[in-house]
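Undergrad: Need coordinates for the following:
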Amino acid sequence: MALFDYKGVDSGGKAIKGTIDADSSKAARAKLKQRGVYTTEIKARKRTASKKDKPSSFVSGGVKLKNLNMMNRQLATLVKARIPLDDALTALVEQTDDPKLKSILSQIKTSVNEGNSLAKSCEQFPKVFSPMYCSMIQVGEVSGNLDLILKRLSEFSESQLDLKNKVVGAMTYPAFMMVAGMLITIFLFAFAVPKITEVFAGSRMTLPTLTLVMIAVSDIVKKHWLLMLLAMAGSFFAFKWYTSTKVGRDKWDAISLKLPVFGKLKRMIAVSRFARTLSTMIGSGIQLLDAIDIVKDVVENAVIRKALIQSRESISEGKTIAGPLRASGQFPPVLTHMIAVGEKTGELEQMLDVVADSYDAQVDTAIKSMTRLLEPLMILAMGGMIALVALSIFLPMLEMNNLSTLP
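TA: Have a look, this model is predicted:
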């Protein structure tokens, strides 16, 4: 099947347009006619290249995670109701409002109709469906528990999205305050201070040291304010580029874990993600070594990823999970202790869930505490800078006033 964009008029005479899934333009017109739509224009949408066509199979931009979560829940409901997969995918194509996801689902449906499994069909879009997602779908298809796997995937994605939103939300306000503070400072020194200090230009009085310092800084900023802004922007993009390289990423990941406050928070997020992902995969029936192969890419930190790779080698030699993780020194004792208990009792999945819940709560608390601390510090820093500028202006004005009142 293919996707067709159409324009037409409904039974009430209202102009409408949209997308429909059909085998041909003729079939698409027939479908629309059944819905009471008179078609004025219809054309096939250009097919997105598959994995066989080029290395990166999906268009840039991706699909929103919340739309994928909704798709997973809807597909789980349809599969649980014993709706054939082909019909279930057809319903999803018609229901989704996301044009990118609609196109992807249409291609997945075509692949499934050609005899491929759902997991194999999803692998055509690695930027949308991760190796973890495809592996779990494959397990669900083989075991006959696809609806349960889809529900578990949706719950996992929602927990990760919630954690991400908390972190981004907490950092947005301090970042905004920092940028605003820098721009206000540059404006004061480049434009406000020079205008006011012109009053003292013709005066022979000795200016206070604070005022002289502010005037000197103002002269530098006034002459080079554009260069300073470009330097800040250049530094930001240079940092982004450097951390996008393997060497830069590895070094930054190692440094970031040692930063005060932020390092501890970053480690907690990585541990929570590791525990939640491993629990989800083990609970879905994926073998431990295969699960660790996938989990190492989920944590996103090069230092912890290296520790997981080394731990996997030890586990493949017959050792327990807890021992190698403890020996790496990158995982907190609470995690390794809980894993050891889970291995002994046969409840590893449950223990990992407990750890993930605990660290999610700690991350939430740490973010709130950090936000409460950063906000007053940023306000204090901005207020202090403005107060220094004001004081450097008012001190000579007071001296001039005192001189004018002398007999």
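
Undergrad: and the helix or strand hosting residue 133, average pLDDT?
TA: In this structure, residue 133 is located in helix 131-143 according to DSSP states H and E. Averaged over helix 131-143, pLDDT sits at 82.

Undergrad: same question, stretch 18-38
TA: 75.

Undergrad: hey, which helix is longest across this protein?
TA: Determined from DSSP state H, the single longest helix within the chain is helix 348-405.

Undergrad: How far does that helix sit from its chain's centre?
TA: Relative to its parent chain, helix 348-405 has a centroid offset of 25 Å by CA atoms, centre = their mean, to the nearest Å.

Undergrad: What's the local residue count around residue 187?
TA: When counting by other CB atoms under 10 Å, one arrives at 13 neighbours for residue 187. All C-beta spots, glycine's among them, are computed from the backbone N, C-alpha and C.

Undergrad: Quick check, pLDDT for it.
TA: Here the pLDDT value assigned to residue 187 is 79.

Undergrad: same thing with residue 199?
TA: Residue 199 carries a pLDDT score of 67 in this model.

Undergrad: Then residue 398?
TA: With respect to pLDDT, residue 398 scores 75.

Undergrad: From residue 240, how far off is it?
TA: Applying CB to CB, to the nearest Å, the value for residue 398 to residue 240 is 47 Å.

Undergrad: same deal with residue 107?
TA: 32 Å.

Undergrad: so the nearest residue to residue 330 once chain neighbours are set aside, which of the three states?
TA: Computed as CB to CB, 6 or more residues apart in numbering, the closest residue to residue 330 that is not its neighbour in sequence is residue 307, at 4.2 Å. Following DSSP: H, G, I helix; E, B strand; the rest coil, we place residue 307 in the helix state.

Undergrad: same question, residue 331
TA: The three-state label given to residue 331 by three-state DSSP is coil.

Undergrad: between residue 107 and residue 240, who's got more neighbours?
TA: Neighbours were counted for residue 107 and for residue 240 using other CB under 10 Å; residue 107 has more, 23 against 10.

Undergrad: Go ahead and confirm that one touches residue 124.
TA: Yes - under the criterion of CB atoms under 8 Å, residue 107 makes contact with residue 124 at 6.9 Å.

Undergrad: residues contacting the residue nearest to residue 293 when sequence neighbours are not counted?
TA: The shortest distance from residue 293 to any non-neighbouring residue, by CB to CB, 6+ apart, is to residue 312 (7.0 Å). Contacts for residue 312 were tallied using CB atoms under 8 Å, 6 or more residues apart in numbering; they are 289, 292-293, 296, 324.

Undergrad: So, low pLDDT: which residues of the stretch 251-400 of the chain?
TA: Residue ranges of the stretch 251-400 of the chain with pLDDT under 70: 399-400.

Undergrad: before we move on, the earlier item: buried sites along the helix or strand where the residue nearest to residue 293 lies?
TA: Per DSSP H and E: residue 312 is located in helix 302-316. Residues of helix 302-316 classed as buried under the neighbour-count rule (16 or more other CB atoms under 10 Å) are 302-308, 311-312, 314-315.

Undergrad: With distance to residue 194 as added columns, please give those residues in TSV.
TA: Compiled in TSV, the buried residues of helix 302-316 are given as follows (distance: CB to CB, whole Å):
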residue	distance to residue 194
302	48
303	48
304	51
305	52
306	53
307	55
308	57
311	61
312	63
314	66
315	67
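
Undergrad: what's the closest of those residues to residue 254?
TA: residue 303 (5.3 Å; CB to CB).

Undergrad: Relative to residue 192, how far out is that closest one?
TA: From residue 303 across to residue 192, the span is 46 Å (CB to CB).

Undergrad: Please apply the same query to residue 73.
TA: Distance from residue 73 to residue 192, by CB to CB: 55 Å.

Undergrad: Tell me how many other residues surround residue 220.
TA: Neighbour tally, residue 220, other CB under 10 Å: 12.

Undergrad: residue ranges for the strands of the chain, please.
TA: 2-9, 15-22, 38-44 (DSSP state E).

Undergrad: Pick the most buried one from those.
TA: Each of the strands of the chain was scored by mean neighbour count; the highest is strand 2-9, a mean of 18, by mean count of other CB atoms under 10 Å.

Undergrad: CA atoms only for it - export them in PDB, please.
TA: Coordinates of each C-alpha in strand 2-9 appear next as PDB, following Å, rounded to 0.1, in the frame of the first residue of the first chain:
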ATOM      1  CA  ALA A   2       1.000   3.600  -0.400                       C
ATOM      2  CA  LEU A   3       0.000   7.000   1.000                       C
ATOM      3  CA  PHE A   4      -2.000   9.500  -1.100                       C
ATOM      4  CA  ASP A   5      -2.400  13.200  -0.300                       C
ATOM      5  CA  TYR A   6      -5.800  14.400  -1.400                       C
ATOM      6  CA  LYS A   7      -8.000  17.500  -1.700                       C
ATOM      7  CA  GLY A   8     -11.700  17.500  -2.000                       C
ATOM      8  CA  VAL A   9     -15.200  18.600  -0.800                       C
END
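
Undergrad: and it, what does it pack onto?
TA: In terms of contacts (3 or more CB pairs under 8 Å, 6 or more residues apart in numbering; DSSP states H and E), strand 2-9 is packed against strand 15-22, helix 25-34, strand 38-44, helix 99-113.

Undergrad: Which one of these lies nearest to residue 224?
TA: Of all those, helix 99-113 comes closest under CB to CB, at 44.5 Å.

Undergrad: got the buried residues for the closest one?
TA: Judged by neighbour count using 16+ other CB under 10 Å, the buried positions of helix 99-113 are 100-112.

Undergrad: Make a markdown table from the residues you listed and add pLDDT and distance to residue 267 to it.
TA: Shown next, in a markdown table, are the buried residues of helix 99-113 (pLDDT from 0 to 100; distance: CB to CB, whole Å):
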| residue | pLDDT | distance to residue 267 |
| --- | --- | --- |
| 100 | 87 | 34 |
| 101 | 87 | 34 |
| 102 | 88 | 39 |
| 103 | 87 | 39 |
| 104 | 89 | 35 |
| 105 | 89 | 38 |
| 106 | 89 | 42 |
| 107 | 89 | 40 |
| 108 | 90 | 37 |
| 109 | 88 | 42 |
| 110 | 87 | 44 |
| 111 | 87 | 40 |
| 112 | 88 | 41 |
